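Visitor: quick check, what structure comes out for this input:
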Amino acid sequence: MYSRTPLRRLLQPERIRPCNFICTRCLSSKAPIYDTTSSRIKHLSQLKSTYDIIKELKDVYSTIDSTFIQDVVTELAKSRNEEVKLPLNILRNAKAREYMLKDCCEIVMKDDVDLILSSLGVLHRAKILPRHEYQGKDANTLRMEFLQLLMNENQIALATMCILNYIVNDIEVPYPKIKLLIDIISSSSLTDFPMNSYCLLQVLRISTRIDPLELFTSLMYLSSNVNGNYFANHLFFKYVDDEVFARMSIQQQHWIILSMLEVNLENSDAIKALKIWQVAKPIVLISAPSANQISLYVEKLINAFQLHHNETLIEQEINNLPACLDTDYMIDYKLFFYAQHSADKFHTLVKTLHSPLRRSSLTSLLRSFIQLRDESNAEKIVSTIFAHSTINSEELQTIVETLLQKGKVSEALSMVQRMNLETSKFSYLMMFKHTWKNRDQAFFKEFYLKFMNLNYDDSLLELFTIELIRAISTINNRQAVRYYVNFLKKVDFRPYKTNELYQLIDFKRYGFLDEFSQLVRLTPFGMVECLKILSKQTVLDR
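Guide: Numbers count the residues shown, from 1 in each chain. Purely as a prediction, here's the structure:
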């Protein structure tokens, strides 16, 4: 008989007992050991590069119960000649300043008043902190003065760290100090937005109270940047049902909700935007927003509806809008939405319209009648439009798309050619999308010459680039990937590089013009769209 040993035990390495472990670095004679204050300061004083300074500060002090500032204070105490003893290579290094301020954040947590004052004195002599006459005679008062100095110097992350350390160690921080830091963060620039936003949430988390004004400024700051949606949503839904939010003025509540809608829509998060709208609806019903706010509400709600994919939910929302939001712009949206999803409601809504109709309503009616294949009424709308002006870009697209769907390519092109470039450019792109498989070289040449007249930063050039990648991808996805990579190599697309790109691209082999390379433009948005096209085609090709 034999005893069975579990497989997992055989596969596990033998555990090394701490007493048997010996660090080979410690045995090596080449490994320097700085076990005294003087040896550490002497070693650090000889360093020149910023990289070496920061690295050695971390390596030397990570394993001992001391800090660089404490060592400097100890050395100064040994000699009256302060200038000789100060390691100026570090004290005057801009990158090392934050490290030394962190040292002081740790030192002020001690109850040694003399050490705190001496350490702060080093920072003042090195001009890391401005001159300051300390009033405190005890450690706690000095802590608050140090915190105030950090806030005065806009050291947001370090001030936050200090407050967190104080509260964790049961050191009371007066609310005016917390309020001041909240105000400083809320009015800070967007340069360090992610870090400042995180600090703001941490301060609010540990604070025992928050006033309505501080909540308002915090939410407005967090929602002011496209990257702040996570932070803003977290804070908004934490306090939206709290009395602090209810104590804000109605105008403040409206502005917060509008800002929250905006930041989520900027991130294409229609689901979260409509969740925020559920919070806003009772507020709008109780107290009507200002005319400007109503306009903004309508604009953002329509954007949310256009992004959302649940038509049933959208219909439910537009059927139950507060009366103040049933503006002309919203009615225009309703017309086309109902034309797509509920013909009966469309016809009911049309009966409520009164002459003279606004131009935007004529555009919506034209799109709606074409959607419903009501050619008779569509022609009446076109006649009405031409009787007073000419068709705009959106109307032209609607008509051209209808003609293309009916196979009337020549009629569509003839209509586009009669319009100026600003009105017809979207329709030209639509024609390219519908007809590129015909390889109509005459149209390609006309298209190229038209688009060469567009401004260098016109978004249509990027949309054309995306459609070009889409077209080539359906023919040869591998080659489309290669072209995309070549586009990225010239991602700045500066004029002097167009010849280089021209040499890398051979569109003619697929029936396109090589000159199309001069129209190529890409931004991060376009890059993402191209990658979606290429990846989707890769899956389809398998």
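Visitor: any weak-confidence spans in the stretch 351-500 of the chain?
Guide: For the stretch 351-500 of the chain, the stretches with pLDDT under 70 are 490-500.
Visitor: rerun that using 50 as the cut-off
Guide: 493, 495-496 (pLDDT under 50).
Visitor: ok, the chain next?
Guide: In the chain, residues with pLDDT under 50: 1-31, 84, 493, 495-496.
Visitor: for the residue most central in space within it, give me its contacts.
Guide: Centre of the chain computed as the mean C-alpha position; nearest residue by C-alpha atoms, centre = their mean is residue 227, 2.7 Å away. The contact partners of residue 227, taken as C-beta atoms under 8 Å, 6 or more residues apart in numbering, are 193-194. C-betas here are computed from N, CA, C, even on glycine.
Visitor: ok, the one 4 residues further on next?
Guide: By C-beta under 8 Å, 6+ apart, the residues touching residue 231 are 197-198, 200-201, 222.
Visitor: could you measure from the residue nearest to the centre of the chain over to residue 195?
Guide: Separation of residue 227 from residue 195 (C-beta to C-beta, to the nearest Å): 11 Å.
Visitor: quick one on the thing from earlier: let me know the closest of the contacts of residue 231 to residue 138.
Guide: Among those, residue 200 lies closest to residue 138 (C-beta to C-beta), at 29.9 Å.
Visitor: quick check: phi and psi on residue 93?
Guide: Dihedral pair for residue 93: phi -90, psi 120, per degrees, to the nearest 10.
Visitor: ok, the one 3 residues further on next?
Guide: Residue 96 adopts backbone torsions of phi -80, psi -10, taken as degrees, to the nearest 10.
Visitor: pretty sure it is touching residue 90, no?
Guide: Yes - using C-beta atoms under 8 Å, residue 96 is in contact with residue 90, at 5.1 Å.
Visitor: find the residues that touch each one of these two.
Guide: 53, 57.
Visitor: among these two, which residue is more densely surrounded?
Guide: Each of residue 96 and residue 90 has its neighbours counted (other C-beta atoms under 10 Å); residue 90 has more, 24 against 21.
Visitor: in contact with residue 155, which residues?
Guide: Each residue near residue 155 by C-beta under 8 Å, 6+ apart is listed here: residue 101.
Visitor: quick one: it from residue 184, how far?
Guide: As judged by C-beta to C-beta, residue 155 and residue 184 stand 10 Å apart.
Visitor: neighbours around residue 405, how many?
Guide: Residue 405 has 11 neighbours, counted by other C-beta under 10 Å.
Visitor: now it. Its backbone dihedrals?
Guide: phi -60, psi -30.
Visitor: burial check on residue 252, number of neighbours?
Guide: For residue 252, the neighbour count with other C-beta under 10 Å is 18.
Visitor: cool, and residue 193?
Guide: When neighbours are counted by other C-beta under 10 Å, residue 193 comes out with 18.
Visitor: distance of the closest residue in space to it that isn't next to it in sequence relative to residue 451?
Guide: Closest residue to residue 193 apart from its sequence neighbours, by C-beta to C-beta, 6 or more residues apart in numbering: residue 225 at 5.1 Å. From residue 225 across to residue 451, the span is 34 Å (C-beta to C-beta).
Visitor: for these two, indicate the residue with more neighbours.
Guide: More crowded of residue 225 and residue 451, by other C-beta under 10 Å: residue 451, with 20 against 17.
Visitor: name the nearest residue to residue 188, ignoring sequence neighbours.
Guide: residue 196 is the one closest to residue 188 (C-beta to C-beta, 6+ apart), at 5.3 Å.
Visitor: go ahead and confirm that neighbour touches residue 187.
Guide: No - taking C-beta under 8 Å as the definition, residue 196 is not a contact partner of residue 187, at 10.3 Å.
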